[in-house]
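**Q** have a look at this prediction, sequence included:
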Amino acid sequence: MSKREKYESGLLTIRFTGEQLKTHGVSIYDLSESLLAIQRIIHKAYLAKNDRLKKGAFPTRDERPSLALQLGERRRSSDAFALVPILAGPAVQENLKQIIQYVVSGVVGYYTGNVLDRIHKEKDENKKIFIGSIYTEVANIVNRVDTTGGVEGISLGSPLLEQETVAAFTSETKDYLVELKGETYLGSYQEIKGRVYKLYPASNIVAIRRSGGNTVTVFLTPEDFETVRYHQERSPLFLFKGHPIYKFGIETKTVTEFDADAIEHIEDEES
């Protein structure tokens, strides 16, 4: 396989641009941080597609080789690198092609600046979580822009998908990610059940304990909060209907915060 064939058949490409890069290559630090972030995004995409994305999750030892990428051709004139599979074979290639499509669908919102809108419209709960979970990895790539290494822009592409540019990150992207830090988004509608054990009257919030001991902070309407607050039982059991609240950079579907738009008291039972 020639160098050109490696580049043109790459799963992904990453290109660093900047005036200083006309006289020297991209630094090892900037390159390695970006490559590690890309590999982590691929791992998260694989886990999300298989309904396994949660905090601390990682592909198994047997799965990792088929997800691993290596450097193919380097195009020195623009400091562009092709990323190709470590393992050969049509099965690996097809599996990675599907994963790269998943990756692209998650990364593009950070590039276009409408990631919150994309998450809101996304119907697949796993993809919602994936898009929000890769915030840290995307930030690790974008943070290489405008540092001492001379990088002014970073572009991702996918020759395999015939997309020369999947995302082009600049200093404006860097500002956008700063604005996103600390933002939250709502997951798909669901119902959770738990016993109220703490009240926060100033903010219409209750803390509940679910079966198994997990605790959730639930945001209520003023009316529903009053219903819970003045319920005759000391630790009432309620069903809360609404949407989980997720934070950018968190990779889990486990509910820790919940926005409830309706509640229903449940007669005393084992929760």
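**A** Looks like it came in fine. Numbering: from 1, shown residues only.
**Q** helices of the stretch 151-271 of the chain, start to end?
**A** Taking DSSP state H, counting those that start in this stretch as the criterion, the stretch 151-271 of the chain carries its helices at 171-180, 222-229.
**Q** could those be laid out in CSV, adding mean pLDDT?
**A** Formatted as CSV, the helices of the stretch 151-271 of the chain follow (pLDDT from 0 to 100):
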stretch, mean pLDDT
helix 171-180, 95
helix 222-229, 97
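**Q** what's the closest of the ones you listed to Ile245?
**A** In terms of C-beta to C-beta, the element of the helices of the stretch 151-271 of the chain nearest to Ile245 is helix 171-180, at 15.1 Å. C-beta coordinates here come from the backbone N, C-alpha and C atoms, glycine included.
**Q** so what touches that closest one?
**A** Helix 171-180 has contacts (C-beta atoms under 8 Å, 6 or more residues apart in numbering) with 110-111, 113, 115-116, 135, 138-139, 142-143, 145-146, 152, 248.
**Q** now intersect the residues you listed with the helices, please.
**A** In helices, defined here by DSSP state H, the members of these are Tyr110, Tyr111, Val115, Leu116, Tyr135, Val138, Ala139, Val142.
**Q** between those, which is closest to Ala91?
**A** Nearest to Ala91 among these is Val138, at 28.8 Å by C-beta to C-beta.
**Q** just the pLDDT at the closest one, thanks.
**A** Note on Val138: pLDDT of 97.
**Q** hmm, back to that, closest to Leu69 among the ones in helices among the contacts of helix 171-180?
**A** Val138 (17.1 Å).
**Q** quickly note the distance from that closest one to Thr227.
**A** Using C-beta to C-beta, to the nearest Å, Val138 is found at 41 Å from Thr227.
**Q** coming back round to it: now render the helices of the stretch 151-271 of the chain as TSV, adding mean neighbour count and distance to Thr17.
**A** Compiled in TSV, the helices of the stretch 151-271 of the chain are given as follows (neighbours: other C-beta atoms under 10 Å; distance: least, C-beta to C-beta, whole Å):
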stretch	mean neighbour count	distance to Thr17
helix 171-180	15	12
helix 222-229	15	52
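**Q** ok, which stretches of the stretch 1-150 of the chain are strands?
**A** Taking DSSP state E, counting those that start in this stretch, the strands of the stretch 1-150 of the chain run over residues 12-17, 69-75, 80-85.
**Q** how far off strand 12-17 does the second one point, in degrees?
**A** So that's strand 69-75. Orientation check (axes from the mean of the first three to the mean of the last three C-alpha atoms, to 10 degrees): strand 69-75 against strand 12-17 gives 50 degrees.
**Q** coming back round to it: which of the strands of the stretch 1-150 of the chain has the lowest mean pLDDT?
**A** strand 69-75 (a mean of 86).
**Q** for that one, the distance to its chain's centre please.
**A** The chain centre lies 25 Å from the centre of strand 69-75; the measure is C-alpha atoms, centre = their mean, to the nearest Å.
**Q** same question for stretch 59-72.
**A** 19 Å.
**Q** cool, and stretch 175-188?
**A** The answer for stretch 175-188 is 11 Å, by C-alpha atoms, centre = their mean.
**Q** got it, and stretch 118-138?
**A** With C-alpha atoms, centre = their mean as the basis, stretch 118-138 stands 5 Å off its chain's centre.
**Q** hmm, back to that, and the ones in helices among the contacts of helix 171-180, which is closest to Leu186?
**A** Closest approach to Leu186 among the ones in helices among the contacts of helix 171-180 (C-beta to C-beta): Leu116, at 10.3 Å.
**Q** that closest one: neighbour count?
**A** 16 (other C-beta atoms under 10 Å).
**Q** and it, what does it touch?
**A** Leu116 makes contact with Gly109, Leu180, Glu183, Tyr185 under the criterion C-beta under 8 Å, 6+ apart.
**Q** also Ile134?
**A** Residues in contact with Ile134 (C-beta under 8 Å, 6+ apart) are Ile41, Lys44, Gly106, Val107, Tyr110.
**Q** identify the residue nearest the last one in space, chain neighbours excluded?
**A** Read it as Tyr110. Spatial nearest neighbour of Tyr110, excluding adjacent residues (C-beta to C-beta, 6 or more residues apart in numbering): Val138 at 4.8 Å.
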